[in-house]
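> Have a look at this prediction, sequence included:
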Amino acid sequence: MTDLSWMTLLYDFVYKVTFNLTVAILAPFKQTSELYWVFLLSTIMIAWTFWRYSALGAGFKGVSSLGEFRRRFLSRDTWWHPSARLDYRFYLVNAIVVPVVMGPIWINDVNVSAWLASLFGAGQSAAVHPALHITVRVLYTLLFFIVYDFGRFVAHSLLHDVQWLWEFHKVHHSAEVLTPVTTFRFHPIDLAVMSWVPALLTGFLTWGFHRFVDSGIGAFMFLGLHVMIWAFNLIDNLRHSHVWVSYGDTLNRWLISPAHHQLHHSLEERHWGCNRGSDIALWDRLYGTLIVPSKEPEQFRMGLTGEPEGSWTTMADLYVRPFGNLLRRLRRTKPALKA
Ligand SMILES: [Zn+2]
Ligand SMILES: [Zn+2]
């Protein structure tokens, strides 16, 4: 290899690192990021509204209500907790590592749909009568969201129920406090599973629609995102927070509220593996893992049990410990297989 090609590789590497880091830091200005400023603002507004009108918040009148809100939810104890600081570092490093390491094997619904079309054929555009176009588009938009949400539930369930995948998902559950940045505390292998399964299912749906209904059909989008994902993003940052937002007995059986996901992070045995859904609660109901949160805040600690003290406190822990745990697990199971 000549000196010039080394220079090109180095330039390429520095460019990618700088670019990915800049994108991560400027996430509040990126419309498709969960940290887009509109979603962060809506998170604060919804949190404040729920707090103000909950029995707990109503107990603090006037200025002291705001003071109590800040003390409980915006305190240094949460936002500068060692677990939260690790989230911030991990977020930045993952922004570089994931595209470089996993980028070449990343798939999305468009890739899958195109691959199926190349194998089994594509349909005709404008096959649907113009009068039915909007109806079919609404149906596709709705179905896409349902299939996407189901794919995320399947992926999340695999991460909990398949022992070797759980070693990687532990990274997310090792968080001891929750902030919106915890949304990004995922090992790259965990991220791949959470991306691939929904991509396969939605890719299949898209191909089916294009092949048999109309190849010109696309979902309704808003600012670069599927319109329903955009709508749920207005509240989904509260899943990784300590603000208790529960939808009430009836709606809680159909939709995953932020409180559902906070229970999912509980280290108490009665909560283990519950509420794996993202936005639709039906999958957990059918799978027997739904725990409906109460209207009032519940008390429980978050994190992992059965792990040696200080197991998940460094960047090396988050990236490498899952592989070590996996090797130890394989060594333990080997004699059992021979016996
Ligand atoms: Zn989980
Ligand atoms: Zn979570």
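Great, that's in hand. Ligands and ions are numbered 1, 2, ... in the order given.
> Can you show me the helices along the stretch 1-150 of the chain?
3-25, 37-53, 55-58, 62-73, 76-79, 82-97, 109-120, 133-161 (DSSP state H, counting those that start in this stretch).
> mean pLDDT for the ones you listed: which is lowest?
When the helices of the stretch 1-150 of the chain are compared on average pLDDT, helix 55-58 comes out lowest at a mean of 68.
> got a markdown table for the helices of the stretch 1-150 of the chain, with distance to Glu268 too?
Using the backbone N, CA and C atoms, a C-beta is placed for each residue, glycine as well. As requested, these are exported to a markdown table (distance: least, Cβ to Cβ, whole Å):
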| stretch | distance to Glu268 |
| --- | --- |
| helix 3-25 | 33 |
| helix 37-53 | 23 |
| helix 55-58 | 21 |
| helix 62-73 | 21 |
| helix 76-79 | 20 |
| helix 82-97 | 18 |
| helix 109-120 | 37 |
| helix 133-161 | 16 |
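> Can you say which of those helices is nearest to His169?
Taking Cβ to Cβ, helix 133-161 is the member of the helices of the stretch 1-150 of the chain nearest to His169, at 3.9 Å.
> separation between Arg285 and Pro198?
20 Å (Cβ to Cβ, to the nearest Å).
> Same list (the helices of the stretch 1-150 of the chain) but as a markdown table, adding mean neighbour count and distance to Trp312.
Conversion of those to a markdown table gives the following (neighbours: other Cβ atoms under 10 Å; distance: least, Cβ to Cβ, whole Å):
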| stretch | mean neighbour count | distance to Trp312 |
| --- | --- | --- |
| helix 3-25 | 12 | 21 |
| helix 37-53 | 16 | 25 |
| helix 55-58 | 13 | 31 |
| helix 62-73 | 13 | 23 |
| helix 76-79 | 12 | 17 |
| helix 82-97 | 18 | 8 |
| helix 109-120 | 15 | 33 |
| helix 133-161 | 18 | 16 |
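> looking at the ones you listed, which is closest to Gly273?
helix 133-161 (5.0 Å).
> residue contacts, Pro180?
Contact partners of Pro180, counting by Cβ atoms under 8 Å, 6 or more residues apart in numbering, are 34-35, 40, 43, 237, 240-241.
> what pLDDT does it get?
97.
> And it, how close does it get to Leu26?
16 Å.
> likewise Val100?
In terms of Cβ to Cβ, Val100 sits 19 Å off from Leu26.
> do Gln299 as well
38 Å.
> ditto for Val14
To Leu26, Val14 is 18 Å away according to Cβ to Cβ.
> Not counting sequence-adjacent ones, nearest residue to Leu263?
Spatial nearest neighbour of Leu263, excluding adjacent residues (Cβ to Cβ, 6 or more residues apart in numbering): His271 at 5.2 Å.
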